[in-house]
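**Q** Using only what follows, build the 3D model:
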Amino acid sequence: MTDLATTRVEADSTARMPLSSHLREARTRVFRAAAVLLAGVILGYLLSGPILEVLRAPILEIAESQDASLNYDSITGAFDLKLKIALFAGIALASPVWLYELFAFLAPGLTRREKRYTYGFLGAAVPLFAAGCAAGFLLFPHMVELLASFADPEDSTLVQASAYVDFVLKVVIATGIAFVLPVFLVVLNLLGILPAHTLARSWRIAIVAIVLFSAMVTPSADVLSMFLIAVPMTALFLTALLIAWLHDRREARACSD
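**A** Got it, this is the predicted structure:
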């Protein structure tokens, strides 16, 4: 009854806030987020040269054994690529600010329990996503080296710069999302959608899926690279299973009491 009363009070206080105040707050927060995002894009453009040097490194290694180079398909290709790198870097650099502004705008409409779940989700998902992106960024040179090795030494590997950067971004983002998936499992469990016993029954399928994903994102002859992805993801899955089991056990005890 206390939680229900608290929820009603919070909802009533939010409902009493005039629409004009909501609009002013939204405008202020959007302006702050846009200003920081613009600053992040400018900083990202300044860093686009060093970032491109890091991305070009695997191509330069391939060029030592065969003809390989990074190419642009138009006269504005180099500038367009720098803008793309600046945009993605700006979004990443400004993410703490615009995520905070978004949550601060939505928070008054959330109940205390929803706020607790949201804080927990963001507190776990953001560092895990960053760790996954870092792992993908470290592993993409191995993927480029292996995929380019299928070409004969007599052939030339002419890599289109825009498509190459898109490929790297997909690998990095996919690895980052994979690291966050256990957090979604915990959230589904907390919402009562995914019981712990269901996760426990499917652990073999989850392990096989993790190994297959690790093998796909690390197509390298070095098996250690695959384990560097598979082991943390397996540990995260088992941690999610443990949290779900503890939550279901606590809920069962509460119902029995």
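**Q** Okay, now the unreliable bits of the stretch 151-257 of the chain?
**A** 218-222, 224, 257 (pLDDT under 70).
**Q** In contact with S48, which residues are there?
**A** Contact partners of S48, counting by Cβ atoms under 8 Å, 6 or more residues apart in numbering, are 82, 85-86, 89. Every C-beta, even on glycine, is put in place using the N, C-alpha and C of the backbone.
**Q** Give me the subset of those that lies in helices.
**A** 82, 85-86, 89 (DSSP state H).
**Q** Just the closest of the contacts of S48 to G132, please.
**A** Set against G132, the nearest of those by Cβ to Cβ is A89 (17.3 Å).
**Q** wait, doesn't that closest one sit right on G49?
**A** No - with contacts counted by Cβ atoms under 8 Å, A89 stays clear of G49, the gap being 11.6 Å.
**Q** quick one, which of those two is more surrounded?
**A** Higher neighbour count among A89 and G49: A89, with 19 against 10, using other Cβ atoms under 10 Å.
**Q** any idea which helix or strand comes after the helix or strand where R204 lies?
**A** Per DSSP states H and E, R204 falls inside helix 203-217. Later in the chain than helix 203-217, the nearest helix or strand by DSSP H and E is helix 223-256.
**Q** What residues sit buried inside that next one?
**A** Neighbour-count burial for helix 223-256, counted by 16 or more other Cβ atoms under 10 Å, picks out 225-226, 229-230, 232-234, 236-237, 240-241, 243-245, 247-248.
**Q** I'd like to know which elements the helix or strand harbouring G176 is packed against.
**A** For G176, the host element (DSSP H and E) is helix 161-190. With contacts taken as 3 or more Cβ pairs under 8 Å, 6 or more residues apart in numbering; DSSP states H and E, helix 161-190 sits against helix 19-63, strand 67-71, helix 77-106, helix 112-148, helix 196-201, helix 203-217, helix 223-256.
**Q** could those go into JSON lines alongside distance to V183?
**A** What follows is those, written out as JSON lines (distance: least, Cβ to Cβ, whole Å):
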{"stretch": "helix 19-63", "distance to V183": "23"}
{"stretch": "strand 67-71", "distance to V183": "36"}
{"stretch": "helix 77-106", "distance to V183": "15"}
{"stretch": "helix 112-148", "distance to V183": "5"}
{"stretch": "helix 196-201", "distance to V183": "13"}
{"stretch": "helix 203-217", "distance to V183": "14"}
{"stretch": "helix 223-256", "distance to V183": "7"}
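**Q** With V172 as the reference, name the closest of these.
**A** Per Cβ to Cβ, nearest to V172 of these: helix 112-148, 3.9 Å.
**Q** Run the angle between that closest one and helix 161-190 for me.
**A** Following axes from the mean of the first three to the mean of the last three Cα atoms, to 10 degrees, one obtains 140 degrees for the angle between helix 112-148 and helix 161-190.
**Q** Nearest to S69 among the buried residues of helix 223-256?
**A** Closest approach to S69 among the buried residues of helix 223-256 (Cβ to Cβ): S225, at 25.5 Å.
**Q** Does the closest one touch H142 like I think?
**A** Yes - contact status for S225 versus H142: in contact at 5.6 Å, counting by Cβ under 8 Å.
**Q** so D67 bridges to which residues?
**A** S156 (DSSP bridges).
**Q** Quick one: neighbours of it, just the number.
**A** 13.
**Q** For it, which residues are in contact?
**A** So D67 contacts 155-157 (Cβ under 8 Å, 6+ apart).
**Q** and L169, which of the helices and strands packed on helix 161-190 is closest to it?
**A** Checked against Cβ to Cβ, the stretch from the helices and strands packed on helix 161-190 lying closest is helix 77-106, at 6.6 Å.
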